[in-house]
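In: have a look at this fold, sequence not included:
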């Protein structure tokens, strides 16, 4: 694999596509915002030229916002139609397992020669920049083997979730379930401490050293008890991700009461106009309900 | 402080009292099971001798099962009556903040000279044996200072939660909220992975290396996906502790939906006859509800 088209040059996609370029791949960037694509490619590229490029490339990577954008790129804007014989579609955006499986089926119906990898990531913008993403990939073994060199440029760990597209997305959903519930648990715990007149910073040092600790508590806890400031990852991201978690649970008929409660808390924060705040500010929903906000 | 009476020589109390003895304190052990007290003290001691001993000791430590046992020892079996002038009561059992505050008030009403420390611990039997407990202590500063040498024999960290008895218990409740919710979240996540045909052991190695990790996931996760075996801490402990968490939330009028859900899951496991299983087996409740048990 030498020639890659990379669709979605946002906060995650730009550093990922850049790393692939630095890693020796020929990368053609695609973005709905024309200027972003021009900046990445160093020149404006016409639709005709882009189609000719897609015919020659061996893989189309996607890192966009949601399943609608994936569908639009693949089926409306000609991605599937234009791709060369036997190319790989490497879908890395966070979408539900159901969407991943359905999109893969639709691709196969149109172009049985193409291979489809369902390959979401975790690690955020920091991981994308450092090439330390965790990649959860599901799909045919030959496609996984072909994409491995590219994955190794992007990530520190590649987990092969299974051969069925949807299993990568399910693995990502399980990961997000834990992240989202741990953020909400940290907020619930610190708000309870505040409500009992306990110094939240003392509480935090205690639990960070005990069996009560979690990665999220260590990372988000200090920002929960400080004034709202730096924004690392916004509440709206978890609104979307916990929505996907609950969709995955519904589709597989799994019982997920903690995830559903956490999802509702993130949605409430967003509905009250706080969707663009750092996700540590979920604690504001607890304070509001506790009458201490 | 040289002479200590230690009430409650169970799984936690025995190693704690033993460490105090090894640490140079004169320790008299008290237990409802006569043989246990004889084993600890090396001889049988009559009620009269015990009362005479209590008059001379400078502190009475309690590490019993619940608030009823604390009350019984202090008020019915003569603990408060017998203690010498200005002695400290160091209550380390896990009880609710409301009970801790009420017991402290009742002690003060009977014996205004006594000092009361609300000082629960975390770290379990392993921490008790190693002298690596975390101690959350609330009470008057002079009593805290006097007990510090004993605390240092028992624990690796002493957090002074505040001057009001009840604040130590509240800190412990916040700690247990996180522990209990994290166990339930780990079970929910791994059961969702199973429901989606993902290899649970692969899932676990992934999340243990990502921002989804927690101390409980690392510790309990492997036992969740193995056959039920070793019992480290039973489900019934968390039934009790999550009950205390929810009591603390109710008393301080705090919103704790995740803790309440986790509590109900532990109670359901216990009600189905699984209260003596390792708490990792909470995942059985998820599997049952998912129809995969």
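Out: Alright, I've got the coordinates. Note that this is a predicted model, so its numbers are computed, not measured.

In: centre of the chain to the host helix or strand of residue A:36, how far?
Out: Element membership for residue A:36, per DSSP states H and E: helix A:34-41. Here the centre of helix A:34-41 is set off from its chain's centre by 22 Å, with CA atoms, centre = their mean, to the nearest Å.

In: what does the helix or strand following that helix contact?
Out: Toward the C-terminus, helix A:34-41 is succeeded by helix A:47-56 as the next helix or strand (DSSP H and E). Residues outside helix A:47-56 that contact it (CB atoms under 8 Å, 6 or more residues apart in numbering or on different chains): A:3, A:5, A:28, A:30, A:45, A:60, A:78, A:79, A:82, A:83, A:84. Using the backbone N, CA and C atoms, a C-beta is placed for each residue, glycine as well.

In: bridged to the third one, which residues?
Out: Read that as residue A:28. In this entry, residue A:28 is beta-bridged to residue A:5, by DSSP bridges.

In: tell me the residue in chain A that is farthest from the middle.
Out: Relative to the centre of chain A, the most outlying C-alpha is that of residue A:197, 37.6 Å out, by CA atoms, centre = their mean.

In: so what's that one up against?
Out: B:162, B:164, B:167, B:170 are the contacts of residue A:197 under CB under 8 Å, 6+ apart.

In: dihedrals phi and psi, it?
Out: Here is the backbone geometry of residue A:197 (degrees, to the nearest 10): phi 70, psi 20.

In: quick one on the thing from earlier: any of the contacts of helix A:47-56 buried? List them.
Out: In these, burial by neighbour count holds for A:3, A:5, A:28, A:30, A:45, A:60, A:79, A:82, A:83, A:84, counting by 16 or more other CB atoms under 10 Å in any protein chain shown.

In: closest to chain B among the residues you listed?
Out: residue A:60 (25.2 Å; CB to the nearest CB).

In: tell me which element that closest one falls in.
Out: Using DSSP H and E, residue A:60 falls within strand A:59-62.

In: circling back to that earlier point, how close does the residue farthest from the centre of chain A sit to residue A:163?
Out: Going from residue A:197 to residue A:163 by CB to CB, to the nearest Å gives 55 Å.

In: for residue A:270, same thing?
Out: Distance of residue A:270 to residue A:163, given as CB to CB: 36 Å.

In: name the SS class of residue A:232, please.
Out: Three-state assignment for residue A:232 (DSSP: H, G, I helix; E, B strand; the rest coil): coil.

In: contacting residues for it?
Out: Neighbour list for residue A:232: A:124, A:223, A:278, A:279 [criterion: CB under 8 Å, 6+ apart].

In: pLDDT wise, what is it at?
Out: Looking at residue A:232, its pLDDT is 86.

In: and for residue A:205?
Out: Reading off the confidence values, residue A:205 has pLDDT 95.

In: who's the closest residue to it other than its chain neighbours bridged to?
Out: Of all residues not flanking residue A:205 in the chain, residue B:159 sits nearest, at 7.7 Å (CB to CB, 6 or more residues apart in numbering or on different chains). Counting by DSSP bridges, residue B:159 is bridged to residue B:136.

In: ok, residue B:159 touching residue B:138?
Out: No. Taking contacts as CB atoms under 8 Å, residue B:159 lies outside contact range of residue B:138: 9.4 Å.

In: between those two, which is the more surrounded one?
Out: Neighbours were counted for residue B:159 and for residue B:138 using other CB atoms under 10 Å in any protein chain shown; residue B:138 has more, 28 against 24.

In: wait, the more buried one sits on residue B:120?
Out: No. Counting by CB under 8 Å, residue B:138 stays clear of residue B:120, with 9.4 Å between them.

In: common neighbours of these two, please.
Out: Common contacts of residue B:138 and residue B:120 (CB under 8 Å, 6+ apart): B:168, B:169, B:171.

In: per-residue confidence at the last one?
Out: Per-residue pLDDT puts residue B:171 at 97.

In: contact partners for it?
Out: Taking CB under 8 Å, 6+ apart, we find residue B:171 in contact with A:193, A:196, A:198, A:203, A:206, B:120, B:136, B:138, B:159, B:161.

In: the same query, at a cut-off of 6 Å, please.
Out: Counting by CB atoms under 6 Å, 6 or more residues apart in numbering or on different chains, residue B:171 touches A:198, B:136, B:161.

In: count of neighbours near the first one?
Out: Think residue A:198. Residue A:198: 25 surrounding residues under other CB under 10 Å.

In: how is it assigned, secondary-structure-wise?
Out: Applying three-state DSSP to residue A:198 yields a three-state assignment of coil.

In: not counting sequence-adjacent ones, nearest residue to residue A:251?
Out: In space, residue A:251 is closest to residue A:98, 4.8 Å off (CB to CB, 6+ apart).

In: I'd assumed residue A:250 was in contact with the one you found.
Out: No. Using CB atoms under 6 Å, residue A:98 makes no contact with residue A:250, being 8.9 Å away.

In: so which of those two has more stuff around it?
Out: residue A:98 (18 against 13).

In: that one - that's part of a helix, no?
Out: Yes. Residue A:98: assigned to a helix according to three-state DSSP.

In: if I look at it, how far off is residue A:252?
Out: As judged by CB to CB, residue A:98 and residue A:252 stand 9 Å apart.

In: with residue A:170 instead?
Out: Distance from residue A:170 to residue A:252, by CB to CB: 8 Å.

In: quick check: neighbours shared by the two?
Out: Jointly contacting residue A:170 and residue A:252 under the rule CB under 6 Å, 6+ apart are residue B:196.

In: so between the two, which is more surrounded?
Out: Neighbour comparison, residue A:170 and residue A:252: the larger count goes to residue A:170, with 34 against 20 (by other CB under 10 Å).

In: where's the more buried one, which helix or strand?
Out: Under the criterion of DSSP H and E, residue A:170 resides in helix A:167-195.

In: okay, the angle between that helix and helix B:167-195?
Out: With axes from the mean of the first three to the mean of the last three CA atoms, to 10 degrees defining the directions, helix A:167-195 sits at 170 degrees from helix B:167-195.

In: following element in sequence after helix A:167-195, please.
Out: Moving toward the C-terminus from helix A:167-195, the next helix or strand (DSSP H and E) is helix A:200-208.

In: any idea which helix or strand carries residue A:216?
Out: Residue A:216 belongs to helix A:215-224 when assigned by DSSP H and E.

In: no further queries at this time; thank you.
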